[in-house]
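J.: I would like the atomic coordinates for the input below:
(one chain, ligands or ions: 1)
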Amino acid sequence: MKIIRLFFALFVSLAIGLEVLSHFLPFRLSWNPFVFSLGLVGSMVLGLFASITVYRASFHRLNRFPGPFAARLSNLYITRLSAKNLQLYREIQRLHHTYGDVVRGPWYNIEQPAISVHMTRNKDDHSRRRKTWEKAFSTKALRDYEPRVKKNAGLLLQRIEETQGMPFDVSKWFNFYSFDVMGDLAFGENFDMLSSGQEHGFMKLIHKHMVAVGYFSHLIWTFPLFRALPVLNREGMEFQDWLVKKVQHREKSNPNVPDVFSWLLSDFRSLEKPSRQDRLNLQADMQLIAVAGSDTTATTLSCLFFLLATDKPACVKLQEEIDIVFPKPAQLDVSKLSKMTYLQACINETLRLFPPVPSGLQRMTPSEGIFIGERFIPGDTIVTIPSYAQYRDERFFALPDSFIPERWTAKPELIKDISVYVPFGIGKYACVGKQLGLMEVRLVASTILRQFDVDFSQDGAAPSFLSGLRDRFTFSAPSLGVVFTARKRQQDVVGEN
Ligand code: HEM
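T.: Reported below is the predicted structural model:
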């Protein structure tokens, strides 16, 4: 952006300067100052790009790493791969098969000027704000959120009861569920999608935004450009206005039971003199609660049900575990759910086969460089660990493309290297909402499978689900048509006799 502004300023001042000068000259200029300035600045731009291209093609310090030649020249290469059909994770897997482990490949600036805790690249700022987020996800705080998660899981179950035996787009309803829960916890108001069956504007907008992230996340300079153009950014501006009003509303009225945002607001209030940037960051964090916790959870649920509909014996085994832990009429209990080994194995296997951030996250190497394994990576280089390709690599998991929950229970030999498996990230930037996400997935999966069997609603549903998955930084699941039918549990049959 700076360079575009610089060239534009150069062009304008040159054209105006020459035009003014031409009036004081004793002779008439044979050339037009405007055209002359355009030509001059154009040649400078061309020269700049030509030298960058030559440098990248021949002298760049990362050129010793294998990869397609075009990828050396510009990030347009990877953007083109992404734009093909928004399945960058597959393209990255293919590149690794062709070129080996290291392939050339900054992202955390895309939401500026607002900077959420997830986007900040300042370590001190992150660690200060992260402390508040950790309080917001403490065991005590999670207990406060539990009734809201349960209420929404109950609404989803009600909808399934009403439509049992009929085709049901479970992906759509898992999205409604996760967005309703996060709406409750971020804005203190439910989006009511589970009750109304209608998509809320917030969800539509977030999904549109994520498509742009999917296409352009390797051309980060396009984000401020889009934001600066009101024609392209009309909806984004409306959304920011909406967010400002939500924050203002919450500043005036606190909910009876705290939600995630209550913690962030109380941290903001403790600042002595909050700056404009602090306020923007608070807004960004409000948005982050809803964004980070919705698509990730919804996609995990859709993929879990896709896998269970594909693998009947695994589904039956899971239902048996649910029956043993919660014999009728016991209510589901979150702490018991967290100890169910087969349920957790199914979730682990889902996150392995369909990691919610499939193409991986960016990190910068320290300025002195770093060894990754035996390879030295120069300083200030962006590295990405592509989760999808890594979790389906047979050096780390035997039968890597197969859904085998038992690898997490009775068959540990099918895991060759557990250290590569980090679906929630690792270290101080790891997912702070992990326990909430797991609570949502466990609760809803058990609530549904306790009462219903699940099958695909038509032939061809499985391949069309797989080909419809999209990489929009987070995985987005396409429609998944299933039919839920009421279960006849062993104990019910015994009871009837
Ligand atoms: C299955 C569910 C989920 C998965 C797989 C998941 C995965 C991840 C991953 C991989 C990261 C690291 C991102 C990075 O390094 O840039 C992350 C960060 C984060 N997640 Fe989750 N997440 C899930 C659910 C949630 C939920 C329910 C919330 C609740 C709001 C949440 C909030 C966050 C936040 C705030 C961060 C940023 C943490 C930081 O930068 O310190 N996540 N998540």
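J.: what does the protein put close to the ligand?
T.: Contacts of the chain with the ligand, taken as Cβ under 6 Å from any ligand atom, map to 117-118, 130, 133, 288-289, 292-293, 296-297, 300, 356-357, 361, 423-425, 429-433, 436-437. For the C-beta atoms, the positions are set from N, CA and C on the backbone; glycine is no exception.
J.: can you tell me which of those are buried?
T.: 117-118, 133, 288-289, 292-293, 296-297, 300, 356-357, 361, 423-424, 429, 431-433, 436-437 (16 or more other Cβ atoms under 10 Å).
J.: tell me the pLDDT at the residue of the stretch 1-150 of the chain found nearest the ligand?
T.: The ligand sits closest to residue 118 of the stretch 1-150 of the chain, with a gap of 3.8 Å, by Cβ to the nearest ligand atom. Among the per-residue scores, residue 118 holds a pLDDT of 84.
J.: again with residue 65
T.: Residue 65 is given a pLDDT of 79.
J.: name the element it belongs to?
T.: For residue 65, there is no helix or strand it lies in under DSSP states H and E.
J.: for it, give me phi and psi.
T.: phi -80, psi 140 (degrees, to the nearest 10).
J.: what is the neighbour count of it?
T.: When neighbours are defined as other Cβ atoms under 10 Å, residue 65 has 19 of them.
J.: ditto for residue 43
T.: Counted with other Cβ under 10 Å, residue 43 comes out at 10.
J.: tell me the SS of residue 345?
T.: helix (DSSP: H, G, I helix; E, B strand; the rest coil).
J.: distance of it relative to residue 414?
T.: 11 Å (Cβ to Cβ, to the nearest Å).
J.: show me which of the two is the more surrounded one.
T.: Between residue 345 and residue 414, counting by other Cβ under 10 Å, residue 345 is the more crowded of the two (22 against 15).
J.: for that one, report the pLDDT, please.
T.: On pLDDT, residue 345 comes in at 98.
J.: same question for residue 136.
T.: 93.
J.: show the contacting residues for it.
T.: 260, 262-264, 432 (Cβ atoms under 8 Å, 6 or more residues apart in numbering).
J.: now do 10 Å
T.: 142, 145, 185, 258-264, 266-267, 285, 289, 432-433, 436 (Cβ atoms under 10 Å, 6 or more residues apart in numbering).
J.: which among the residues you listed count as buried?
T.: 142, 145, 185, 258-264, 267, 285, 289, 432-433, 436.
J.: helices of the stretch 351-497 of the chain, start to end?
T.: Counting by DSSP state H, counting those that start in this stretch, one finds helices in the stretch 351-497 of the chain at the ranges 387-391, 434-451, 461-468, 490-496.
J.: mind listing what's buried along the third one?
T.: It stands for helix 461-468. 461, 465, 468.
J.: go on, the longest one?
T.: For helix 434-451, the buried set under the neighbour-count rule, 16+ other Cβ under 10 Å, comprises 435-451.
J.: any idea how far stretch 469-487 is from the middle of the chain?
T.: 16 Å (Cα atoms, centre = their mean, to the nearest Å).
J.: rounded mean pLDDT for it, please.
T.: Mean predicted lDDT for stretch 469-487 stands at 91.
J.: residue contacts, residue 113?
T.: Contacts of residue 113 by Cβ under 10 Å, 6+ apart are 224, 227, 276-277, 280-281, 284.
J.: do residue 199 as well
T.: Residue 199 neighbours (Cβ under 10 Å, 6+ apart): 172, 175-176, 179, 191, 193, 207.
J.: cool, and residue 326?
T.: 332-333, 336-337, 340, 446, 450.
J.: again, but for residue 430
T.: 422, 424.
J.: and it, its phi and psi?
T.: phi -70, psi 170.
J.: what of the one 3 residues further on?
T.: Torsion angles at residue 433 (phi, psi; degrees, to the nearest 10) stand at phi -100, psi 10.
J.: quick check, pLDDT for it.
T.: In this model, residue 433 carries a pLDDT of 94.
J.: name the nearest residue to the residue in the stretch 301-450 of the chain that the ligand sits nearest to, sequence neighbours excluded.
T.: Proximity of the stretch 301-450 of the chain to the ligand (Cβ to the nearest ligand atom) peaks at residue 433, 2.2 Å away. Ranked by Cβ to Cβ, 6 or more residues apart in numbering and with sequence neighbours excluded, the top spatial neighbour of residue 433 is residue 293, at 5.2 Å.
J.: so the one you found sits right up against residue 436, yeah?
T.: Yes - applying Cβ atoms under 10 Å as the test, residue 293 and residue 436 come out as touching, 6.6 Å apart.
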